[in-house]
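Engineer: predicted coordinates and the sequence they were generated for:
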Amino acid sequence: MNQSELLKKFKFEEEVAEIIKGQFGPTGFPEPLHTWRMMWEVYDLSLEEPYFWILDNIKGSMPIVEKVEDSFAAAENSAFFGVTQQRLGAQQDRVSQFLATMGKMVKELFQMVRELRIIDERLNYYSQIEEETTKPIERRAKGPEITMKGMFVDLVQGGGKSAASVYGMARELEFITLPDLFFDAPPFASQAEIEEHVNALARNFNENVLRVLKRHLTQYFSWRQQTSAEHRNRKTFMLQYLLQHYEIIRMYITWVKPYLRNVRKLSLKESRMDSPEMVSAFEGSMLDVEFLARKRTAVEDPQGKYGGNGCILATFTYRTRPELKVVQEGYQRGPVHIGRVEFALRVYSWTDEQVEQYKKVKDEELLYLLGDISETVRTAMESLGDALKNYVEEARKNPHQKAEPTSKEAQKMPKKPLMERFFGDFYTPKKKEAAAQKGYTAKEMKAYQEKAEAEAKDNAGFARFMAWNTYKNFKKAHRMFQW
């Protein structure tokens, strides 16, 4: 998606300006109220001097200054390209290592959540049986107990293939009534209840059958108690292991952020690489720097979310020839740029919403790398559903874990969703109603918006004066013609 498409997406009118004498075309910037442009070419040009001269002059009167772009491109055979690619390769290696480890750990999360779901299913049966054992024996439900006995016969005794199992003895030794008596027995809370139940059957069934029944019921009762404790211990361990994985993935995401930003900044700007001014065999480079300075007046709305801004968008485009020189002994070689700078000061009358929209234009243009990675990891995490969230919260409530802060300030802070707390700056929430619109009626929103636009127009007059004054004084300070 190019700059023009991004501007249309965020409902900006694109500026059309004179590219060469008599020829007009789009510039890739929103339509300004006024623009001052300059191109300055000198052999011993210093990159820093014009940028910081304009920045310092504007900062003196515009209280809010934000950098919105900082990118470069270099010819493939230039020494500057070689130096930057070495640094880029080192950053990319670190990123690939972190992402490979994160991918492996996210894959393991799926297995852990699946195992916890199976444990929860089994613990549900144990809980139901324990609840039934608190009732009188004649009123105890047998459903969960029959399910657990089926698992016992299949998993422990080997099912019908084993001659020692309940089904095997009925088939091989003709204990025909043994399976019915075994599964029909209610849940028992103690060994004494088993003895009492079997003794009550003595007047109706063969003594040999009851002896075998007592053996199987005692074996099952012991297995049920042991596995119940084992599953609870296993769940406690798995919850802590899941929480450990979760925190480690968060740590890796925190570590990888600066490397991803470095990769983005060290990556060459594709649009400049295709420029006819960039020749592979020459020692050349092109740099783009852009900052937004604004004066804001807040509208008196209840939540302070509306305001009008007079903005100066300062853009710098350098076409330079870097020379590698050693500044002082012991320092590594670094490029010294000489060549041409073009800068433009554009004046806008924007509300807070329009300022945020323009920032989104620049974010979508420059942060595709971060967005793709965050979307991929976030999609994988959210595919686990609410299970991951529930298990993490359950693990945090474990008494062995460090307690969450419970201060009054922390309680007043809005609680963020799990994915937003996990990914931080990487998190891209799904489309919802804009926060600035919550709590307002349509009539109030329209009134606040109109006030913000009026304030923006008032501040734009001051921004226009500051841009013109900066442009005029720059020409004077650098001994250029004035008319």
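Structural biologist: In hand now; what should we look at? Numbering: from 1, shown residues only.
Engineer: C-alpha from now on. contacts and neighbour counts both.
Structural biologist: Noted.
Engineer: so what's the gap between the helix or strand hosting Asp93 and the chain middle?
Structural biologist: Assigned by DSSP states H and E, Asp93 belongs to helix 79-132. For helix 79-132, the separation from the chain centroid amounts to 14 Å (computed by Cα atoms, centre = their mean, to the nearest Å).
Engineer: tell me the angle the helix or strand following it makes with helix 79-132.
Structural biologist: Along the chain past helix 79-132, the next helix or strand (assigned with DSSP H and E) turns out to be helix 143-151. Comparing the axes of helix 143-151 and helix 79-132 via axes from the mean of the first three to the mean of the last three Cα atoms, to 10 degrees yields an angle of 110 degrees.
Engineer: residues contacting helix 143-151, please?
Structural biologist: Defining contact as Cα atoms under 8 Å, 6 or more residues apart in numbering, one finds that helix 143-151 is touched by Tyr125, Tyr126, Gln128, Ile129, Phe183, Asp184, Pro186, Pro187, Tyr220, Arg224.
Engineer: and what of stretch 313-321?
Structural biologist: Contact partners of stretch 313-321, identified using Cα under 8 Å, 6+ apart, comprise 47, 51, 277, 283-293, 337-348.
Engineer: which among the residues you listed count as buried?
Structural biologist: The neighbour-count criterion (16 or more other Cα atoms under 10 Å) marks 47, 51, 283-293, 337-348 among the contacts of stretch 313-321 as buried.
Engineer: quick one on the thing from earlier: show me the contacts of stretch 313-321 that map onto helices.
Structural biologist: Tyr51 (DSSP state H).
Engineer: in strands, which of the contacts of stretch 313-321 appear?
Structural biologist: Secondary structure of the contacts of stretch 313-321 is defined by DSSP state E; positions in strands are 285-293, 337-348.
Engineer: and the gap between Lys397 and Met480?
Structural biologist: In this view, Lys397 and Met480 are 70 Å apart by Cα to Cα, to the nearest Å.
Engineer: Pro187 now?
Structural biologist: Summarising the geometry, the distance separating Pro187 from Met480, computed by Cα to Cα, is 99 Å.
Engineer: give me the low-pLDDT residue ranges for the stretch 301-450 of the chain?
Structural biologist: Within the stretch 301-450 of the chain, the stretches with pLDDT under 70 are 301-304, 322-338, 364-386, 398-440.
Engineer: please name the bridge partners of Asp288.
Structural biologist: Taking DSSP bridges, one obtains Ser71, Thr317 as the residues bridged to Asp288.
Engineer: return stretch 139-146 as CSV; C-alpha atoms alone will do.
Structural biologist: As requested, the backbone C-alpha atoms of stretch 139-146 are provided in CSV (Å, rounded to 0.1, in the frame of the first residue of the first chain):
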residue,chain,number,x,y,z
ARG,A,139,-29.2,-41.6,47.7
ARG,A,140,-25.8,-41.4,46.0
ALA,A,141,-25.9,-41.0,42.2
LYS,A,142,-23.8,-43.6,40.3
GLY,A,143,-23.2,-41.8,36.9
PRO,A,144,-19.7,-40.4,37.6
GLU,A,145,-18.7,-43.5,39.6
ILE,A,146,-19.7,-45.8,36.6
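Engineer: other residues contacting stretch 223-233?
Structural biologist: By Cα under 8 Å, 6+ apart, the surrounding residues in contact with stretch 223-233 are Ile119, Arg122, Leu123, Tyr126, Met148, Phe152.
Engineer: let's have those residues in TSV, adding pLDDT and neighbour count.
Structural biologist: Formatted as TSV, these follow (pLDDT from 0 to 100; neighbours: other Cα atoms under 10 Å):
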residue	pLDDT	neighbour count
Ile119	90	16
Arg122	89	16
Leu123	90	18
Tyr126	89	21
Met148	89	18
Phe152	89	18
